[in-house]
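Student: 3D model of this:
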Amino acid sequence: MTVAGAPRPSGPFRVGDRVQLTGPKGRLSTVTLREDGELHTHQGVLRHRDLIGLPDGSVVANSSGHEYLALRPLLRDFAMSMPRGAAIVYPKDAAQIVMQADIFPGATVVEAGVGSGALSLALLRAVGHAGQLISFERREDFADVARGNVETFFGGHPDTWRVVVGDLVESLPAEAAAGSVDRVVLDMLAPWECIDAVAEALTPGGVVLCYVATATQLSRVAEYIRGTGLFTDPDASETMVRGWHVEGLAVRPDHRMVAHTGFLLTARRLAPGAVAPSVKRRASKSSYGDDDVEQWTPGAVGDREINDKNLRKRAREAGKAAEGARAAAASRESEHSTE
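Tutor: Residues are numbered from 1 along each chain as shown. Below you'll find the model as predicted:
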């Protein structure tokens, strides 16, 4: 058994270590070192035994003389290259989840669902030696993938981690006493289905964070949380990361960026019987029935409704602008014909 948050191996590369190799043109390969292991590419063969005993950050050549930089992968590297049963939570979102949910050493954290284990790794790092993470996953096959990935990264099953295969609503009361959970992270299609159970498990002041992919999911879970009266007003955000090319005076944004992956919504548990001060907001015309029918009126999505008088004014402004554009075009055509 190992303890979550334990330091990663350091020193010379050993058999069984995972090593990230950066080859020609920046191509990445991740291998687990074996005595007789080899990395085969169209540019030659790199023998694992040439790496064993070398320190982190070494450079080795393959059979064709091509050089590779060898480093133990960081958590973000591991998460992006590990086997996936389900889509992972990207490092940019995992970092925000740890901060926005305030995952601290010693915390009791509940996670659902576990997916491929990428977020579990970040949460286990954050709760440290004295905390615990309880991860719920409905699918046994996904749970198996997550277990394998987490155990690969930590070198064994962390003794601060418990994986429960089953539905959170049904299983949470048996796994955590009421008011004993510090933080809950929900990464699922319908997090609103779990909010009542989460409210029961959370300690007053505890945080629930929902990670959802679409605006419709975001809207529904926000309104459900508001409707319970058990939480502070939810706060929503998304994170976009844009890399930069920096080489001498050639400094510019990268042509590609990691844009929308998901929304984060957080709220805090109120004390029993407490009523949060009301927040003034424009009344929404939308409602969510049992059949999950959404009415996307301008008021429902937060757009300002325009009255008839303003609409006529804007029509006149648009007409005048069009008239001016037509006149300018006619003038240019006339000048061109006289030349």
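
Student: quick one: low-confidence parts of the stretch 151-300 of the chain?
Tutor: The stretch 151-300 of the chain contains residues with pLDDT under 70 at 281-300.

Student: What are the boundaries of the helices in it?
Tutor: For the stretch 151-300 of the chain, the helices identified by DSSP state H, counting those that start in this stretch occupy 168-175, 195-201, 215-228, in order along the chain.

Student: Among these, show me which one is buried the most.
Tutor: With neighbours defined by mean count of other CB atoms under 10 Å, none of the helices of the stretch 151-300 of the chain is more surrounded on average than helix 195-201, at a mean of 20. (Glycine included, C-beta is placed from N, CA and C.)

Student: now that one, how far from the chain's geometric center?
Tutor: For helix 195-201, the distance between its averaged C-alpha position and the chain's averaged C-alpha position is 22 Å (CA atoms, centre = their mean, to the nearest Å).

Student: Stretch 67-84 now?
Tutor: The chain centroid and the centroid of stretch 67-84 are separated by 18 Å under CA atoms, centre = their mean.

Student: end-to-end on that stretch?
Tutor: The straight-line separation of the ends of stretch 67-84 (CA to CA, to the nearest Å) is 29 Å.

Student: which residues are in contact with that stretch?
Tutor: Under the contact criterion CB atoms under 8 Å, 6 or more residues apart in numbering, stretch 67-84 has outside partners 8-10, 13, 17-24, 28, 30, 46, 51, 54, 56-62, 88, 91, 94, 116-118, 121-122, 125, 145, 148-149, 152-153.

Student: If any of the residues you listed are buried, give me the PyMOL selection for them.
Tutor: Selection of the buried residues among the contacts of stretch 67-84 in PyMOL, burial being defined by 16 or more other CB atoms under 10 Å:
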select buried, resi 13+17+18+19+20+21+23+46+51+58+62+88+91+94+116+117+118+121+122+125+145+149+152+153
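
Student: For residue 84, pull up the helix or strand it's in.
Tutor: If you go by DSSP states H and E, residue 84 is not part of any helix or strand.

Student: Please list all residues in contact with the spatially most central residue of the chain.
Tutor: Nearest to the geometric centre of the chain sits residue 93, at 3.1 Å (CA atoms, centre = their mean). Residues in contact with residue 93 (CB under 8 Å, 6+ apart) are 211, 239, 261-262, 264.

Student: now, among those, which is nearest to residue 100?
Tutor: Among those, residue 264 lies closest to residue 100 (CB to CB), at 5.9 Å.

Student: count of residues packed around the residue nearest to that closest one when sequence neighbours are not counted?
Tutor: For residue 264, ignoring the flanking residues on the chain, the nearest one in space by CB to CB, 6 or more residues apart in numbering is residue 237 at 5.4 Å. Neighbour count of residue 237, defined by other CB atoms under 10 Å: 10.

Student: what does residue 248 give?
Tutor: Considering only other CB under 10 Å, residue 248 is surrounded by 5 other residues.

Student: What segments of the stretch 101-250 of the chain are strands?
Tutor: 108-112, 132-137, 161-165, 181-187, 202-212, 235-238, 244-247, 250-253 (DSSP state E, counting those that start in this stretch).

Student: how big is the angle separating the fifth one from strand 108-112?
Tutor: It stands for strand 202-212. Relative orientation of strand 202-212 and strand 108-112, computed by axes from the mean of the first three to the mean of the last three CA atoms, to 10 degrees: 30 degrees.
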